[in-house]
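Enquirer: the sequence and its predicted three-dimensional model are supplied below.
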Amino acid sequence: MKQFDDLIARAKSAPKHIVLAEGQDPRIVAGAVRALQEKIATITLLGPVDEVRGLARAAGDSNDQITIIDPAQSAHHASYSEEFLHLRRHKGLNLADAEIAVRDCLNFANMMVRSGDADGSVAGARHMTADVVRSALQVIGVDQRYSMVSSFTLMIMGEEFHPVKTAVLFTDCGLVVSPDEDELAQIAAAAADSLQSLLQDDPKIAMLSFSTRGSAVHPDVTKVENAAALLQQRRPGVSVEPAIQFDAAFVPEIATLKAPGSDVAGAANVFVFPDLNSGNIGYKIAERIGRAKTIGPVLQGLAKPANDLSRGCDADAVYGIIAVTVLQAQNAV
């Protein structure tokens, strides 16, 4: 797919150092070795050195190019423990607790990112999203532009039967369960920034609903409309269509009927779902029935890149999220 190939080419143009916390998982190792061999990133895997080295060699790292660190044995353990203590002392943490916490692969990976020893982290093949996000929030923190972390899923449509060959963002499909108006506006703003940095395009934001331009009246529609108004207040000039149905946002012919004169309808590239139910269901239908290639959910709103994988991921998904994490690191503020 051209859109995916373009992303890979941009990642290769300025490779970054990505640390993957779950070096004992063969899927993680296979995706990481591929990313290294294709010169997308330099790689560090965490875990018992001998075990992870064996997996890396089996996956094709015959020259032992991948760096492997056992958090319990690292020379950085003491300094990372002190920093973690500084971050969590207000929660009653002591040094002994901090030393234990930093042995955890999620915390160690994110301490590498926080300290500048890596540019981004990836986990989630063996950890629940809640654990991955909690560690990222505690160690890396939230970008000063936002007050929350959300996620997006990159949807790439390049199959012969797809009417439009393009890449778009669906948000939020993996994290915020029931956003209120303010949170929905923040999700949309973060996704607009993500689209600009990831796809290098101007965002056209569709605030999705079961109503288009007042075709239905309901508190759920009002929430979406109010969120769009908040977004426009905070981002003057942003292209956003409030409360629009997916078909009107995506299909030009339907857009002319349902939302004539809109510069977003029929051309949207950021699709903001009103809640996690609709977002998660929507992206999985597009992936499984529509055969869109998906990458994500990708975390947005963190101070530095840290991403979560599905526990059902394969090596290709790991490779893809490494590439996206590299692109996020290239554009990190």
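Expert: Structure's in. What do you need?
Enquirer: only C-alpha atoms from now on, for both contacts and neighbour counts.
Expert: OK.
Enquirer: ok, which stretches of the chain are strands?
Expert: For the chain, the strands defined by DSSP state E cover 16-20, 41-46, 67-69, 120-123, 150-157, 166-171, 204-208, 239-244, 270-272, 293-300, 306-308.
Enquirer: and the ones you listed, which one is worst for confidence?
Expert: When the strands of the chain are ranked by mean pLDDT, strand 293-300 comes last with a mean of 89.
Enquirer: touching that strand from outside, list them.
Expert: Defining contact as Cα atoms under 8 Å, 6 or more residues apart in numbering, one finds that strand 293-300 is touched by 149-157, 173-174, 190-191, 194, 287, 305-310, 317, 320-321.
Enquirer: may I see the domains of the chain written out as residue ranges?
Expert: For the chain, automatic domain parsing gives the domain ranges 2-141+304-330, 150-293.
Enquirer: how about the helices of the stretch 201-333 of the chain, start to end?
Expert: Counting by DSSP state H, counting those that start in this stretch, the stretch 201-333 of the chain has these helices, from start to end: 219-234, 246-250, 252-258, 276-288, 315-330.
Enquirer: can you redo the ones you listed as CSV with distance to residue 85 and mean neighbour count?
Expert: As requested, these are exported to CSV (distance: least, Cα to Cα, whole Å; neighbours: other Cα atoms under 10 Å):
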stretch, distance to residue 85, mean neighbour count
helix 219-234, 36, 19
helix 246-250, 47, 22
helix 252-258, 54, 17
helix 276-288, 34, 17
helix 315-330, 26, 24
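Enquirer: for residue 10, find the nearest of those.
Expert: Shortest distance between residue 10 and these, using Cα to Cα, is found for helix 315-330: 7.4 Å.
Enquirer: and the closest one, what does it pack onto?
Expert: With contacts taken as 3 or more Cα pairs under 8 Å, 6 or more residues apart in numbering; DSSP states H and E, helix 315-330 sits against helix 2-13, strand 16-20, helix 26-37, strand 41-46, strand 120-123, helix 181-199, strand 293-300, strand 306-308.
Enquirer: run a quick neighbour tally on the closest residue to residue 277 other than its chain neighbours.
Expert: Nearest non-adjacent residue to residue 277, counting by Cα to Cα, 6 or more residues apart in numbering: residue 177, 7.2 Å away. Residue 177 is flanked by 16 other residues according to other Cα atoms under 10 Å.
Enquirer: quick check on residue 177: phi, psi?
Expert: phi -70, psi -50 (degrees, to the nearest 10).
Enquirer: distance of residue 14 from residue 98?
Expert: In this structure, residue 14 and residue 98 are 34 Å apart, going by Cα to Cα, to the nearest Å.
Enquirer: so the two - more neighbours on which side?
Expert: residue 98 (22 against 14).
Enquirer: quick check, the more buried one in contact with residue 78.
Expert: No: judged on Cα atoms under 8 Å, residue 98 makes no contact with residue 78 at a distance of 9.5 Å.
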